[in-house]
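Student: build me a model:
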Amino acid sequence: MPLSTFLLIITIPIALYLLFIIHLYLVQARHIYCPTAEIATTPDKHGLTFESVDFETSDGLTLHGWFVPRSTVDVEKERVVLFFHGNTGNISDCITSLEMFHHLGLATFIFDYRGYGQSQGSPSEQGTYDDAEAAWTYLLRDRGIKSEDVIILGRSLGAAIASAQAARHPPGALVIESTFTSAPELAAEIFRIFPARLMSRFKYRVRDHVARTHCPILIVHSNDDEVIPFHHGKRLYEAANEPKAFMAISGEHAEGFHTSGQQYIDGLKQFLKSAL
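Tutor: Numbering: from 1, shown residues only. You can find the predicted model right below:
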């Protein structure tokens, strides 16, 4: 075999490999953040009273959200779920969760990260952390909610953001569903033949956040999760401080709360009863 042919055979696969690495590095944000702008529905169309809310971040962006009050007033305290949705769509995709919390007698504040729905800006890791801080500040400062009456609940990417917020400002309770130990660790499992840990521009170190959080915490994960394997949830549970609980559910990624139905509702109700 001529030397030139041999070098060509060696060079082409290496070049393609390197090009794919560059491609993966450059398009990460498109895979992590998948927002939509259109608000497809609103809570009132599903029988829920709500207030449309605009509030500002520390870097001057206006974010949009909904405040859905509790269904009853015959309890001493108003518990509020600060809800962090996943990486796709916007708050209008979360009506089922709003209905569920409402039926549990909880108020909910749900908002869109920068670049999602009617919120200004473009998403980034630090940006989502800043957005979480702005939402927390809105609840405590503008609505007068006490930190011990806030239940921070996040799902998928939202759980990564929620865990960071709970590590900074302990709420009454933290619930994280269907999330990963860290973005680099998940990437390394998906792209096994590439140096994914080194390539990862986004960290979202959930396990570290959980280890620094000091409030009752519930980890929820589905055995059927095809996007983020079940063992991520178990590892997060191992890293969490007491008091803690783990709920294994069924159903596809970020859909287990709906698929598991009453099991999820009962588990959440039991955890909150013991935590608050």
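Student: how far away is the most centrally placed residue in the chain from Tyr113?
Tutor: Central residue check for the chain by CA atoms, centre = their mean: the C-alpha nearest the mean position is that of Gly158, 1.1 Å away. Distance, Gly158 to Tyr113, using CB to CB, to the nearest Å: 9 Å. No exception for glycine: its C-beta is placed from N, CA and C like everyone else's.
Student: show me what contacts the residue nearest to the centre of the chain?
Tutor: Residues near Gly158 by CB atoms under 8 Å, 6 or more residues apart in numbering: Phe83, Phe84, His85, Gly86, Asn87, Thr179.
Student: for the residues you listed, give me CSV that also has neighbour count, secondary structure and pLDDT.
Tutor: Output for these, formatted as CSV (neighbours: other CB atoms under 10 Å; DSSP: H, G, I helix; E, B strand; the rest coil; pLDDT from 0 to 100):
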residue, neighbour count, secondary structure, pLDDT
Phe83, 27, strand, 99
Phe84, 28, strand, 99
His85, 26, coil, 99
Gly86, 20, coil, 98
Asn87, 20, coil, 98
Thr179, 31, coil, 98
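Student: so what touches stretch 265-276?
Tutor: Contacts for stretch 265-276 (CB under 8 Å, 6+ apart): 79, 100, 104, 148-149, 151, 172-173, 175, 215-216, 218, 220, 243, 245, 247, 249.
Student: returning to what we had before: what's the mean pLDDT across the one helix or strand the residue nearest to the centre of the chain maps to?
Tutor: Of the helices and strands defined by DSSP states H and E, Gly158 is found in helix 157-168. Helix 157-168 comes out with an average pLDDT of 99.
Student: beyond it, next helix or strand please.
Tutor: strand 173-177.
Student: now do that following strand, average pLDDT.
Tutor: Per-residue scores along strand 173-177 average to 99.
Student: for that strand, packing partners?
Tutor: strand 150-155, helix 157-168, strand 217-222, helix 262-275 (3 or more CB pairs under 8 Å, 6 or more residues apart in numbering; DSSP states H and E).
Student: tell me the angle it makes with strand 150-155.
Tutor: 10 degrees (axes from the mean of the first three to the mean of the last three CA atoms, to 10 degrees).
Student: direction included, what does strand 173-177 pair up with?
Tutor: strand 150-155 (parallel), strand 217-222 (parallel) (DSSP bridges).
Student: buried stuff in it?
Tutor: Ala173, Leu174, Val175, Ile176, Glu177 (16 or more other CB atoms under 10 Å).
Student: touching, the first one and Glu148? I think so.
Tutor: So the one you mean is Ala173. No: between Ala173 and Glu148 there is no contact under CB atoms under 8 Å: 9.1 Å.
Student: any weak-confidence spans in the protein?
Tutor: 1-10, 12-23, 72-76, 194, 196 (pLDDT under 70).
Student: in it, what residue spans correspond to strands?
Tutor: Listed in chain order, the strands of the chain (DSSP state E) span 34-35, 51-56, 62-68, 80-84, 88-89, 107-111, 150-155, 173-177, 217-222, 244-249.
Student: among those, which comes closest to Glu255?
Tutor: strand 217-222 (8.0 Å; CB to CB).
Student: could I get that closest one in PDB with only the CA atoms?
Tutor: Only the C-alpha atoms of strand 217-222 are listed here, as PDB (Å, rounded to 0.1, in the frame of the first residue of the first chain):
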ATOM      1  CA  ILE A 217     -35.300  16.900  50.300                       C
ATOM      2  CA  LEU A 218     -37.300  14.400  48.200                       C
ATOM      3  CA  ILE A 219     -35.600  12.800  45.200                       C
ATOM      4  CA  VAL A 220     -38.000  11.500  42.500                       C
ATOM      5  CA  HIS A 221     -36.900   9.400  39.600                       C
ATOM      6  CA  SER A 222     -38.500   6.900  37.200                       C
END
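Student: gap between it and the chain center?
Tutor: Relative to the centre of its chain, strand 217-222 is centred 12 Å away, using CA atoms, centre = their mean, to the nearest Å.
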